[in-house]
Structures are given as C-alpha cells and as structure tokens.
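S.K.: pasting the sequence and the predicted coordinates here, then a few questions.
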Amino acid sequence: MLTTALILLPIAGALAVAVLPLPRLATGGLALLVALMEVGLWIVAASNFDFDEGGLQLGTTQQWVESAGISYAVGFYGFSLWLAGATVIVSAAAIGYAVWAGRDRPRAYHALMLFLTGAVVATFASQDLLLFYVSFEAMLIPLYVLVGVWGGERRLQATLWFVVYTMVGSLLMLASVVAFGVSQGTFSLVESGTSDNVWVFLGFAVAFAIKAPLFPFHGWLPVAYREAPVEVAAVLSAIVSKTAIYGFLRIGLPKFPEPAEDLTVLVLVLASAGLLYGSILAFRAPDLRGIVAYSSMAQMGLITLGVFAVNDLGLDGAVLQSVNHALVSASMFLLVGMVERRCGTGELDELGGMARGRPVLATLLLVAGMIALAVPGSATFAGEFLIMTGVYAEGWGYAAIVALSVVLAAMYTLRLISAVLHVRPGRAVRDEALDLRPGELALVVPLVACLLVLSAWPALVSQSSFAGDEAARVIVEGLR
Amino acid sequence: MIDTPKVDWFALAPTLALLGASGVALLATVLVPAWMRKSATAAVALAGFVVAAILAGAVFAESGAPQSLIAESMVRDRLAAFAQVLLAVTGAVVVLMSWAERRRADGEYYALLAAAGAGMVFFVGAENLMTLFLGLEWFSLCLYVLVAIDTERAASLEAGLKYLVVGGFGSAVLLFGSALVFGATGELGFASIAAAEAGEDAFLVAGLAMVLAGLAFKVSAAPFHMWTPDVYEGSPSSITAFMSAATKTAALVVALRVLVTAFPDESETWTIAVAVLAVASLAWGNLAALAQRDVKRLLAYSSISHAGFMLIAIAAGTEAGAEALLYYLVPYSAMSVGAFAVVAARERELGHSVELEGLAGLGWERPLHGVAMWIFMLGFAGFPLTGGMFGKLFVFSAAYDAGDWWLVLVGVLATAVSIAYYLNVVRWMYMRAGTELRLAPAGGAPPRDSTLGIAVAASAVVTVGSFFLAQPILDYASDAAASLPF
C-alpha cells in the first residue's frame, strides 16, 4: 500500500493542482506541500523497510490484464528504494525552485512536475515489465511539454531531439517487451524466467542507453539540458537518467544473464569512452550548463561501469554513486540556475568574481563542487572508489580510466568554480546581483546536507542496497 | 402455403430501433416547426442510437453460440452485438457533436445519420454475401448524401462526388467478387461457402481477393484509400468523425467475419494478402501524414495508418488477433471521434478549415479541448495511459505469437514515424502562441457547444478508461471473438 501511495500521491496532487483554480502562489504552495508530503511518505516507507532482510518489500500485486499476463505489481528492493528517495528529494527541490522562480502558467507547470515525479517513482517501483514500460514512457509526456513550453529559445529543437532519441529507444523497448512477455507468457518481473535472446536484450539496452544517456547515444543531451528550464534539467539529469540504471539492474542483468555477459566488454568499453569523452567535453564547455550536462553524461558512464562489473563492489558503488550524482547534479543545476538568474547568462566568459560580497553563494558552490569532484572523504569519493575497485576485476584498464576521470572531474569542476567565483569580475556580473536569498538556501542546503550525511556515512546506502554483502548474487540470482 | 422463416425480432431490435428513429426524424423534419426542428430531430436520433446500444448490449448478454436468423442471412452472436454496441455509442456521440457543430436546421441530416447507423448495425450481422452487400450499400448510400449535405460548400459537394464514384467502384468490386465466389461454390452463406470446400479454385481465390478489396475500400486501407483524405477533408466534420470511427469498425468486423467463417481453408492466402494491405497502409498513411498541413487530412492519413495496425490483427489469423482487433476498435473509435470533434470546434471558431497553424494557442485558450486533443494524439501514437497503447500491444503480441515478427517490426517503425506528426499537433497547440499568427476569429459570441464538450470529454474518458479497464473490455472482446470458428 505504501508503494502505491508513494506513486499516487504526486499524481493525485497533479490533478488537484491542475483542476483547482487557485492563485499563483497558492498553486505553487500546494505543489510544494504535496512534494514535501511525498518526501515524508518516503521516510515512512524507508522506516518500514527492513534493509537487512533484502528482497522485494512493501509490495502490492493486483491483476490488471489477466489474460495477457499483465499485473500492477509494485514494490521496492533496497537499491530501488534509495533511488526513489533521491527522486522525491530532488523533485521537492525542483518544485521549490519553480515556485521561487515564478514559472508562467503555474497550474499546468506544477501539475506536470508532480506527474513526472509520480511517473519516476512508479518506474523505480515497477515489478511488471509492462508497468515499467508504461511509467518509463509516461515520464516522456510531461518532460516533452515542460521543455517545449517553458524552455529557452531553441526549445522546439530541444524537444525534437529529445523526443526522437527517446522514442526510438522506447519503441525498441516496446518490441522487446512484447517479445519477452509473449515468449514468457507473463510480463511479471517476479515470475518470469530468463531469456538468452540477444536481440531482445539489445532492445532494452539501447533504450536505457538513450535515457541515461550513454555514449554514443547522447545526441539529445546538450541541447535538452541547455534549453530546459533549469529545474527540469536538474530532474532530467538527476533522476530521470537513473531510471536507466534501474532498468539495467532490474531487467538487463537479471533477465538476460547470457547476453549481458557476452556484451559486457562492449558496454564497458563504451561506458569508459563516454566517461572520458564526457569529462573532456565538460572541460571544454563554454557555459555552466554545458559543464554540468556533460559531467552528468560522464557520471552515467561511470555508474554503468560499476553496474556492468557485476560484482559486489561495483554494484554497491553504482547505487551509491547514483544517489550521490542525483543530489550533486540537482544542487549544481539549481545553483547554476541561480547564477543565471542573477547574471542573465551562463557563458563562462561573461561571469567571474562573484565570490566578492556573496559569501553564501561562494560557500555553497564550493561545497557542492568539492563533492562533485569527489574530494576524498566525500560520498562521491566513496562511490567512485567502490566502482573503481569493482571494475578493476574486469581489467585494470577500466580502473585506470576511472582514475583519470577523477582527475578530469577535478579540472572541470574547478574550472566552473573559478569561472563563477574568482577571476576578474565578469561583464554580466553587476554589483546589484545579490547573494543567495533564504528561499534559495532552503532549496539547496537540504540537498547539500544529504550529501554531507552520505559523506560521513556512505555505507548507509552502499551496505543496504542489496541484502547482505552479496550484491552480485542478488542481481544475478535473486531478481531472476 | 409458403414457409415463413422464423424471425428473431430481439436480435434485429438494434437495427429496427435505428430505422425507427430515422423514420421518426424524417417525419419530424416535416411536421415540427422550424425553431425546434434541429433539437427535435437530433433528440430522436440520439434516442435511437442510445436505445440501439442498450438493445445490442442486451443481445450480447443473452446470446450464446451463434444462431442464424432469417434463413441464414443474418447471424445473432456476440461478435455482431459487440460491434453494434460500439457503433451505436459512436453514433450517439456523433449526434451530440453534430448538434453543436451544425447550425442549419436540417432534420434530414439526423434522419440519414440514424439510417446510416442502422445500415452498419445490420451490416455487422450479415452472414451471407447478399446481406453483406445490402448492408454495405445501405449505409454507403446514406453516407454519400451526408458527405455532400453542406450544399453551399464546394468542398463538400466535391467530397460527396468522389466518395460516390470511388465507393460505387468498391461496391461493384465487392459484388463481382461475391458473384465469383457464388460461381465457384454455389453458395452465398459464409458457413456454406466454407463447407463447400471448393479447394484451390481460381474463381474462388479471385472472388476472395475482390471481396477483400471491396471491404478494403471501406476500411480505407492502402492502396484502396485514395478517396479518404479528400472526403474526410470536405465532409462536415461530424460525418468525418462518424466515417473514421464507425465505417472502419463495421468494415473491419465484417472483413474479419467473412475471412474467418467463409474462407478458413484459404487462410494461408488471405493472411498474406491482409498483411500486405496492412504494411501498405502503415507505410503510406504514416509517410503521407507527415506532409499534411490540414488537420483533417492529417487525421485522415492517420486513420489509414490505423487501418494498417488493425489489419495486422486480422493478418495474425488467430483468436488472439480477433480479440486484439476488437479491443483496438474501442479506444480507436473514441480517439477518432474526439479528435474530429475538437477540430470541428476549432473550425467554428476560425470560420474556415483548420490548418496546423490554426491550432496555435488552442491548448491554453480551451483547456478541455487542448488536454483532450493531447490525450487523443498520445493515444493514436500508442503512449501509455491511453487505450491506444494496449491496442498496439495486443496487436503486436498477437502478431508475434502467430510468428509474424516482421509485422511487429513494421508496426514499431510505423509508430516511430507517426509520433512525429502526432506530437507536431501537440506542439502547435501548446508551444506556439496564436497571437503571433494573427488568427482571424470568425466573429460573434463564442459558439455554444456544451454538447460538443460532452462529446469530447466522453471520448477522452473512454480513451483513458480503456487503458485502466483493459481487462473488462478484453473479456468482452474475447467473448465476441469466441463466436468465430477459429
């Protein structure tokens, strides 16, 4: 029931926000209230979850289309509960930012954001292949409109690229869903067995690779992340991308053990390439959003390395890093948004010197940046270290690439920090541009606080994602 | 003393109800004073469709194994009853839409609409090549007039003429095919044709091909679709909605019944033929839709491509395929009627036909129409949260199960292409402002269209409801499909 409530609360909230003719502030307030209730509900769910026990918990199964073997089956594993946790927190921050930024047509905007939250949570909770497909696709509907209506100047181009890429992936996935479901006789992920059909696996893998996005399927990323409203970009990079990781963990690896193993080297090589390529692009990007966007792509490559190492360390690290990256990327995007609102641009050339007289902004950006570049002692360091050791078992070369990427991460993050805060004052930075307001602090500080808690105690996530200390066995056998 | 065949009046009741409504509406046109003529005739037609739907539902509930009526010319079974409910409900929604869309007080319109409905309801119960042809001509003749009923608009007259010529040609092909089948087997009843076991008779195969082609005209499957865009564009929008939903439903159900009951031995031949029609419709419909500016033409090509999807289900040649087809028809009918209703409303606002530019800003100006149109477009494209998704899923599953995995791939590719133009509609509605295009309003107060709003809302509810309630609909569909001899 809790899981269903966690899915339905934001969707019911979306309907209420869309239908009730409230004034602007009340609409935003209602949306924010629903988002915070969702966080509360997640905390209740997490406190009812036995992390030592493992396995599927808080589950509900309801027959839906019985004759086709489709059911409404939801529930959480340790790792998916953590992903859902990151989702509700990031969504709340994003909705808060939208309220603060005063988006036009607030009823439609907030309804879509809440609907998106519900769809992402449903994706993480799906234990039925068709339900997974439904929620995976349902995310696209609000995203399309959010980018297309409230986006920047080239928003129509952004939606076009985004939709073309994701729909190609989704339709390949639909063909795979049909093939898998019909040959298994059921769409239930709990009851179905494994398949050794490499084409069906590829259908899923490409869909996930596009959503993540992984190299070389990232064509939609730069323009979408640049043109989307900044909080939508935060949601895209922080949580929507993680549905791909969930897909690999819940469907790709457990249901297709042989094809996944056969293609491991290919995936690892592509992921490494994406990691390096994304890092270099981030270093070369001329604007703030470009840096965060490409670094996000690099991080997805890194997480995929951990996933496809298919060993305890790699998988634990992948989940930890997914949560970390969700929080880091959301705080970075929101901070970028705040800087852009003050200066009217995100071009690095026109920024600079914002640290003077704006201590709060400087402190927050520095802290978030330090965590983003995986300074030792941070949660991201723990995640990257786990992934590095995990992937070392697959070949030292991958580990070397991860190490190199950490250096590159330091380079591009420091470049971002110094371009905003230091150097000489930029043309776009006027003296009237104020320091962060309390309202903005209330959005970013909780995200950073979560990161600091995880930095102090990364095992909170990494030790509880999979029952016991046997992530690989859980993925390969337990989820079958 | 002549043996009179026993007549099952109950099974014929849906047809008779609509026929009666048509007659009463026609009388009302003459007898009722002009100021209430439109409301009176519309109310009679609406009542006819609603009563027909209820009676057909009762027939569905009361029917078991298929029974022949009137000396094997008609059949009483759940397949016919299922289609009749769908047709009658579609008709009722179209009456609501017409009442708002049409300003003229022409009672003949509603009388003809009810008569066309009666013809379709009769047509889906045909169990004999003669009654099949009779039903086809019955509703076609009504539609020829309805398409051309806006006599002051040249486009409407042109559409009527085109439909008459091409439709007449299609009927002739069908009739010729029936004659060949009769010549080969000496039988007209579907079951008797199958029982005659004519084997690989060239006449029979040629007849089968021509019957299929004749029905394909009504389904508007490529390459028999040429009339569709012009006729859909020129007809009054309510009639377009009725044709795109009801004509297609009737023709597809009858095609399924004829192929499965009359030609089971030739199934290897016709599954391939239907698959070819499906692929042609998917390819042609989708590619041509990409290039359309006029929204009604776009929807016309979209309806051609949907004919392709539904033909995939027939091409599977299995009971699962029949279930998939019957399920698909439910959300498809709702989406079609709803989409044309939104276009009709916009036409009235603008005072001329709606190009894509004409949709600019619609989403914000009219939230109900915008959201509903959004739902219909997503449904057509097979997105989740609409029955369109389950329709595609069931069709693809049936095809995959029957071993036609290549049809699944074609269907998926076609869906990918279709998303481009469906989302383009959404883009125009929400992402472009109407003011920058300086759309000229038709003037006057905004049209009173509460019934049109009801029609749109009902269609949207069915589109979404058929997603969440897929199982009950599928149960009815499988009861209906069980009346066919697979």
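M.R.: Received, thanks.
S.K.: work out for me the element residue 92 sits within.
M.R.: Let's take chain A. Per DSSP states H and E: residue A:92 is located in helix A:78-101.
S.K.: chain B was what I was after
M.R.: Using DSSP H and E, residue B:92 falls within helix B:78-101.
S.K.: quick one: contacts of stretch B:411-423?
M.R.: Residues from elsewhere that reach stretch B:411-423 (CB atoms under 8 Å, 6 or more residues apart in numbering or on different chains): A:144, A:163-164, A:167-168, A:171-172, A:174-175, B:282-283, B:285-287, B:289-290, B:292, B:298, B:302, B:305, B:308-309, B:312, B:377-378, B:380-382, B:392, B:395-396, B:399. Backbone N, C-alpha and C define where each C-beta goes, glycine included.
S.K.: now with 7 Å?
M.R.: Applying CB atoms under 7 Å, 6 or more residues apart in numbering or on different chains, the contact partners of stretch B:411-423 are A:163, A:167-168, A:171, A:174-175, B:282, B:286-287, B:289-290, B:298, B:305, B:308-309, B:312, B:377, B:380-382, B:392, B:395-396.
S.K.: ok, of the residues you listed, which come out buried?
M.R.: A:163, A:167-168, A:171, A:174-175, B:282, B:286, B:289, B:298, B:305, B:308-309, B:312, B:377, B:380-382, B:392, B:395-396 (16 or more other CB atoms under 10 Å in any protein chain shown).
S.K.: among these, which ones are in helices?
M.R.: The helices, defined by DSSP state H, take in A:163, A:167-168, A:171, A:174-175, B:282, B:286, B:289, B:298, B:305, B:308-309, B:312, B:377, B:380, B:392, B:395-396 from these.
S.K.: tell me where the stretch 1-150 of chain A has helices.
M.R.: For the stretch 1-150 of chain A, applying DSSP state H, counting those that start in this stretch gives helices covering A:2-19, A:24-47, A:78-101, A:106-125, A:129-138, A:140-150.
S.K.: which one of those helices lies closest to chain B?
M.R.: Of all the helices of the stretch 1-150 of chain A, helix A:129-138 sits nearest to chain B, with 3.8 Å by CB to the nearest CB.
S.K.: and the closest one, what other elements does it pack with?
M.R.: Here helix A:129-138 touches strand A:70-76, helix A:106-125, helix A:155-184, going by 3 or more CB pairs under 7 Å, 6 or more residues apart in numbering or on different chains; DSSP states H and E.
S.K.: could you dump these to a markdown table with distance to chain B?
M.R.: Output for the helices and strands packed on helix A:129-138, formatted as a markdown table (distance: least, CB to the nearest CB, whole Å):
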| stretch | distance to chain B |
| --- | --- |
| strand A:70-76 | 8 |
| helix A:106-125 | 8 |
| helix A:155-184 | 5 |
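S.K.: so which of the ones you listed comes closest to residue B:63?
M.R.: Between residue B:63 and the helices and strands packed on helix A:129-138, the tightest spacing by CB to CB is seen for strand A:70-76, at 28.3 Å.
S.K.: between the closest one and helix A:78-101, how many degrees?
M.R.: Angle of strand A:70-76 versus helix A:78-101, following axes from the mean of the first three to the mean of the last three CA atoms, to 10 degrees, is 90 degrees.
S.K.: what angle sits between strand A:70-76 and helix A:2-19?
M.R.: Here the directions of strand A:70-76 and helix A:2-19 differ by 100 degrees (the same axes, to 10 degrees).
S.K.: and strand A:70-76, what other elements does it pack with?
M.R.: helix A:2-19, strand A:57-65, helix A:106-125, helix A:129-138.
S.K.: what's the burial count for residue B:471?
M.R.: Using other CB atoms under 10 Å in any protein chain shown, residue B:471 has 16 other residues around it.
S.K.: name the nearest residue to it, sequence neighbours excluded.
M.R.: residue A:65 (4.8 Å; CB to CB, 6 or more residues apart in numbering or on different chains).
S.K.: next one: residue A:416
M.R.: Nearest non-adjacent residue to residue A:416 (CB to CB, 6+ apart): residue A:291, at 4.9 Å.
S.K.: do you know the pLDDT at the closest residue to chain A within the stretch 201-350 of chain B?
M.R.: Going by CB to the nearest CB, chain A is nearest to residue B:323 of the stretch 201-350 of chain B, at 8.2 Å. Per-residue confidence at residue B:323 stands at 93 (pLDDT).
S.K.: residues near it, how many?
M.R.: Number of residues near residue B:323 (other CB under 10 Å) recorded here: 26.
S.K.: residues from the stretch 201-350 of chain B in reach of chain A?
M.R.: Contact residues (CB under 7 Å from any CB of the partner chain) of the stretch 201-350 of chain B with chain A: there are none.
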